[in-house]
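Undergrad: fold the following.
(one chain, ligands or ions: 1)
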Amino acid sequence: MSKNFPENFVWGSATASFQIEGAAKQYGRGASIWDAFCATPGKVEGGHTGDIACDHYHRFEEDVKMMKELGLQAYRFSIAWPRIQPDGKGEINQEGIDFYNRLIDCLLEHGIEPWVTLYHWDLPLPLQIEHDGWLNKDIVDRFEKYSGICFENFGDRVKNWITLNEPWCAAVLGHGIGVHAPGRISSSEPYIAAHNMLLSHARAYRVYKKDFAHQEGTIGITNNCDFRYPLTDKAEDIAAAERSMEFFLAWFADPIWKGDYPAVMKEYVGERLPEFSEEEKREVFGSSDFFGLNHYTSMLASEPSEDDNLVSDIAGNGGMIDDQKVFLSDDPTWEKSHMQWNIVPEGCGDLLKWIAARYDNPIIYITENGCACDEPSAEIADNDLMRKNYYESYLRESRKAIETGVDLRGYFAWSLMDNFEWSFGYNRRFGMCRVDYETLERKPKMSARWLSQTIAQNGENI
Ligand code: PNW
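TA: Prediction:
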């Protein structure tokens, strides 16, 4: 078998609207739940906001040029819903449409394929305040309208759509532990929000297939998942690891690829887990042309003992409230990123194989993968060996998974540039390109130069 990645493997990088655009109060954009969250004291480190971010709104041409110079074949970005519909339900803001038209055209002129996420967490604020956001089933109709506006205006040129980015994060971090907007803390709301997200995703998928089939694009959902290794080879730890995967990924993927929530969730969550009607099951089942995967880290899972504190382990590392009854820990030999996320390349390969086995070998795209390194100076950023090694080792394990038959078709490095890292503000830097937040100058780091060579050789150097 050749060492290369498949011939049409897609090499790209990813960003999200709120994290890079800025111009948050300009050109008719309405407020989002993240603007409100940033304005709430104590929620975001340093009181940082998305007002300027990387100023991508004004500098997108420069950014596209940089992508071209790096040889990226694809660029995944998200559309800010409140730029398209400032109140989330009514009038269209033409300036918002015009902006994304300029961006899409510019990408295509440079031979870069746009991959567009419809929702990467910046919900129009009025939908939250007046309608309870994702907790209200009405959101399904609103998301359908918004998606339709996007297909209608951009679908002649955009052929790759992602409905939702990481509904797990929006459900658990946003509605369970409250560290993301809208900052709610609850043990039942995550399941309701997740349910309505799944229905919204499916509705957008169905509308695309019904009304925009002539555009001949593909559309899917992106879920995030860590991998879980059992702490020991005891049967109950092996079961705990599997259960943890089901609470993380199968929660969202089973309804789409198998037709309902995993049995273990029904059992452990009980009546707090909403039920799909038969009609909803049919709408959700089969509603993704590909399996979008964002992956960063792995942890050890075990059956909790009496004194294990479950809650302490969920903040940012992928547990799901106490319901799953899993204790999570780290292998002390694992290196950590500056976000304290374990660097476990083999977890990436094992996760890909887990997905292939459970979901009958779907087409997979890694729509995010990356490493947080704090880079206090430009010199340190320029020599981001840790990030380069991270990309390389995760890609190596991905290629090995492909060799076992996993149908992985593309890889998007998170992220094109340093940006607003949600509740951590601007200090956790995932970017392949450095952004000097004073001057807003951009400069590719070593990892970007490495990825660029890798793309040129279709991964033969890995
Ligand atoms: C993803 N977790 O967020 C997002 O899609 C990006 O916007 C973000 O910048 C990137 O990963 C890095 O954080 C996640 O707690 C946030 O497991 C939290 C988790 C996973 C992904």
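Undergrad: where do the helices sit along the stretch 101-250 of the chain?
TA: 125-131, 139-154, 167-168, 174-175, 189-211, 235-245 (DSSP state H, counting those that start in this stretch).
Undergrad: doesn't residue 165 make contact with residue 78?
TA: Yes - counting by C-beta atoms under 8 Å, residue 78 does reach residue 165; the two are 6.6 Å apart. The way it works is simple: take the backbone N, C-alpha and C, and place the C-beta from them, glycine included.
Undergrad: anything in contact with each of those two?
TA: Shared contacts of residue 78 and residue 165, defined by C-beta atoms under 8 Å, 6 or more residues apart in numbering, comprise 16, 117, 119-120.
Undergrad: out of these, which touch the ligand?
TA: residue 16 (C-beta under 6 Å from any ligand atom).
Undergrad: so which of the shared contacts of residue 78 and residue 165 are in strands?
TA: 117, 119 (DSSP state E).
Undergrad: now the shared contacts of residue 78 and residue 165 in JSON lines, with pLDDT?
TA: Shown next, in JSON lines, are these (pLDDT from 0 to 100):
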{"residue": "16", "pLDDT": "99"}
{"residue": "117", "pLDDT": "99"}
{"residue": "119", "pLDDT": "99"}
{"residue": "120", "pLDDT": "99"}
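Undergrad: what residues does residue 216 make contact with?
TA: Contacts of residue 216 by C-beta under 8 Å, 6+ apart are residue 159.
Undergrad: okay, now the closest residue to residue 185 other than its chain neighbours: neighbour count?
TA: Excluding its sequence neighbours, the residue lying closest to residue 185 (C-beta to C-beta, 6 or more residues apart in numbering) is residue 178, at 4.1 Å. Number of residues near residue 178 (other C-beta atoms under 10 Å) recorded here: 18.
Undergrad: now residue 178: phi and psi?
TA: phi 70, psi 20 (degrees, to the nearest 10).
Undergrad: so what touches stretch 433-448?
TA: Contacts of stretch 433-448 (C-beta under 8 Å, 6+ apart): 52, 54-55, 59, 62-63, 66, 69-70, 375, 378, 381-385, 387-388, 391, 413, 416-419, 426, 431-432, 452.
Undergrad: show me where pLDDT drops low in the protein?
TA: Scanning the chain for pLDDT under 70 picks out 1-3, 309-321.
Undergrad: residue with max distance from the center of it?
TA: residue 306 (34.4 Å; C-alpha atoms, centre = their mean).
Undergrad: what is the burial count for the nearest residue to residue 208 once chain neighbours are set aside?
TA: Nearest-residue entry for residue 208: residue 219, 5.0 Å, with adjacent residues in sequence omitted and distances by C-beta to C-beta, 6+ apart. Per other C-beta under 10 Å, the neighbour tally for residue 219 reads 27.
Undergrad: quick one: the strands in the stretch 301-450 of the chain?
TA: For the stretch 301-450 of the chain, the strands defined by DSSP state E, counting those that start in this stretch occupy 327-329, 335-336, 342-343, 364-368, 408-414, 433-435, 442-444.
Undergrad: any idea how far residue 9 is from the closest residue to residue 16 other than its chain neighbours?
TA: Closest residue in space to residue 16, ignoring its immediate chain neighbours: residue 120 at 3.8 Å, by C-beta to C-beta, 6+ apart. For residue 120, the distance to residue 9 (C-beta to C-beta, to the nearest Å) stands at 24 Å.
Undergrad: who's more crowded, these two?
TA: With neighbours defined as other C-beta under 10 Å, residue 120 and residue 9 compare such that residue 120 has more, 25 against 19.
Undergrad: can you map out the strands along the stretch 151-300 of the chain?
TA: Going by DSSP E, counting those that start in this stretch, the stretch 151-300 of the chain shows strands at 160-165, 218-224, 227-230, 291-294, 298-302.
Undergrad: for the longest one, buried residues please.
TA: Counting neighbours by 16 or more other C-beta atoms under 10 Å, one finds that the buried residues in strand 218-224 are 219-224.
Undergrad: is it possible to get JSON lines of the strands of the stretch 301-450 of the chain that adds distance to residue 170 and mean neighbour count?
TA: Shown next, in JSON lines, are the strands of the stretch 301-450 of the chain (distance: least, C-beta to C-beta, whole Å; neighbours: other C-beta atoms under 10 Å):
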{"stretch": "strand 327-329", "distance to residue 170": "21", "mean neighbour count": "19"}
{"stretch": "strand 335-336", "distance to residue 170": "25", "mean neighbour count": "12"}
{"stretch": "strand 342-343", "distance to residue 170": "23", "mean neighbour count": "19"}
{"stretch": "strand 364-368", "distance to residue 170": "15", "mean neighbour count": "26"}
{"stretch": "strand 408-414", "distance to residue 170": "17", "mean neighbour count": "24"}
{"stretch": "strand 433-435", "distance to residue 170": "25", "mean neighbour count": "23"}
{"stretch": "strand 442-444", "distance to residue 170": "29", "mean neighbour count": "18"}
